[in-house]
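Novice: predicted model and sequence follow; I will ask about them next.
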Amino acid sequence: MRFGVVVFPGSNCDHDAYHVISKHVGQPVDFIWHRQTDLSGYDALIIPGGFSYGDYLRAGALARFSPVMQSVKNFAAEGKFVFGICNGFQILCEAGLLPGALIRNAGLHFICRHVNIRVENKNTPYTSQIDEGTVLSIPIAHAEGNYVCDDPTFNALEENGQIVFRYCEDDGEITAEANPNGARSNIAGICSPDMNVLGMMPHPERACEELLGSNDGLGIFRSLTAAIQSN
Amino acid sequence: MKAKVFVTLKPGVLDPQGKAIHHSAELLGFGNIADVRQGKYFEVEVNGGATAKEAREAAERLAKDVLANPVIEDYKVELEA
């Protein structure tokens, strides 16, 4: 099993992801510079958070044209795992690997704090080791995390179980108050119809050690590891 | 030849920045501004030899593939005479 962390100019959560995979998941992992196009030998890719290309034009818009991205599309089409976190989620939406878009937070501010998210679907490669309905405490750090999509897209997401995480209260209740950024239906993370591509705004790689206030992110990485093993 | 590309949020897509600008306008005493929507404006210089048709096609393709995200945005291209 081998993980790759894709690095764009302006990525800044690449080392966090690398650290979690190598130290806490205990699997081999490489950085993949965005000019690399050979992804053979990898089982899962992490598209990390940060500000690829300075968020110029739109968050994630220019990273879509990096040489590695065509390979990432082929990689995903083969059913392999692509996990976008924060800016990575924005990039996957811009690249058309996930539906919808992420626009400016409803309250305009950049928000950096722990939020609660509820696991909405346990039957995904990213949540199989977590009970459905579990509330995870995971930090967000974004200004453009307000998920939008049209009605047909939203209905398809719901029907296919592609809504994986929703912002919630401590007890798991989904409320408007628990929604930090105005995202449609409190959506914090979605997956592709085949469930091998996941995008989420919260940062599970920043929540894998008690020292950092929460290790609730570990379940996601452990689930992914289990999915790779059974693939 | 220069093409002007205007990228605007689709109707119905929330524009928090436009709202903040509108709010500021109200604070400044503008009583007659009903709404503000923020967009983007690009000046695209097309190579001198291009015909108007070629220039428009190039700008349209750039707008569609790069400058606008069709999920949330519309675009309009104008050629400068």
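Specialist: Done, it's in.

Novice: interface residues of chain A facing chain B?
Specialist: Taking C-beta under 8 Å from any C-beta of the partner chain as the criterion, chain A approaches chain B at residues A:57-58, A:61, A:65, A:93-94, A:99-101, A:103-108, A:146, A:148-150, A:182. C-beta: built from backbone N, CA, C; applies to glycine.

Novice: can you flag the buried ones in those residues?
Specialist: For the residues of chain A next to chain B, a burial check counting by 16 or more other C-beta atoms under 10 Å in any protein chain shown picks out A:57-58, A:61, A:93-94, A:99-101, A:103-106, A:146, A:148-149, A:182.

Novice: out of those residues, who's nearest A:Arg206?
Specialist: Nearest to A:Arg206 among these: A:Asn105, at 18.5 Å, using C-beta to C-beta.

Novice: touching, A:Ile85 and A:Gly49? I think so.
Specialist: Yes - applying C-beta atoms under 8 Å as the test, A:Ile85 and A:Gly49 come out as touching, 5.1 Å apart.

Novice: any residues in contact with both of those two?
Specialist: Counting by C-beta atoms under 8 Å, 6 or more residues apart in numbering or on different chains, the shared contacts of A:Ile85 and A:Gly49 are A:13, A:203.

Novice: of the buried ones among the residues of chain A next to chain B, closest to A:Gly199?
Specialist: Comparing these against A:Gly199 with C-beta to C-beta places A:Cys93 closest, at 6.7 Å.

Novice: which pLDDT value goes with the closest one?
Specialist: In the predicted model, A:Cys93 carries a pLDDT score of 98.

Novice: ok, now which ones touch the nearest residue in space to it that is not next to it in sequence?
Specialist: Using C-beta to C-beta, 6 or more residues apart in numbering or on different chains and skipping the chain neighbours, the partner closest in space to A:Cys93 is A:Ala101 (5.3 Å). Shown in contact with A:Ala101 (C-beta under 8 Å, 6+ apart): A:93-94, A:147-149, B:69, B:71-72.

Novice: make TSV from these and add distance to A:Arg113 to it.
Specialist: TSV is the format used below for the contacts of A:Ala101 (distance: C-beta to C-beta, whole Å):
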residue	distance to A:Arg113
A:Cys93	23
A:Glu94	25
A:Tyr147	18
A:Val148	22
A:Cys149	25
B:Asn69	27
B:Val71	28
B:Ile72	26
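
Novice: quick check, nearest of these to B:Arg61?
Specialist: Ranked by distance to B:Arg61 (C-beta to C-beta), those are led by B:Asn69 at 15.0 Å.

Novice: what's the local residue count around the closest one?
Specialist: Using other C-beta atoms under 10 Å in any protein chain shown, B:Asn69 has 21 other residues around it.

Novice: got it, and B:Gly12?
Specialist: Other residues lying near B:Gly12 total 9 when counted by other C-beta under 10 Å.

Novice: what's the answer for B:Lys64, then?
Specialist: B:Lys64: 12 surrounding residues under other C-beta under 10 Å.

Novice: so it touches B:Val77, yeah?
Specialist: No - using C-beta under 8 Å, B:Lys64 makes no contact with B:Val77, being 9.5 Å away.

Novice: for A:Asn12, what are its contacts?
Specialist: So A:Asn12 contacts A:48-51 (C-beta under 8 Å, 6+ apart).

Novice: do A:Cys191 as well
Specialist: A:98, A:124, A:126, A:162, A:164, A:197-199.

Novice: which one of the residues you listed is nearest A:Gly41?
Specialist: Nearest to A:Gly41 out of the contacts of A:Cys191 is A:Val197 (C-beta to C-beta; 19.2 Å).

Novice: quick one: pLDDT of residue 53?
Specialist: Because you didn't say which chain, this covers chain A. So, for A:Tyr53, pLDDT stands at 94.

Novice: not quite, go with chain B.
Specialist: 94.

Novice: next, count neighbours for it.
Specialist: Count around B:Lys53 with other C-beta under 10 Å applied: 9.
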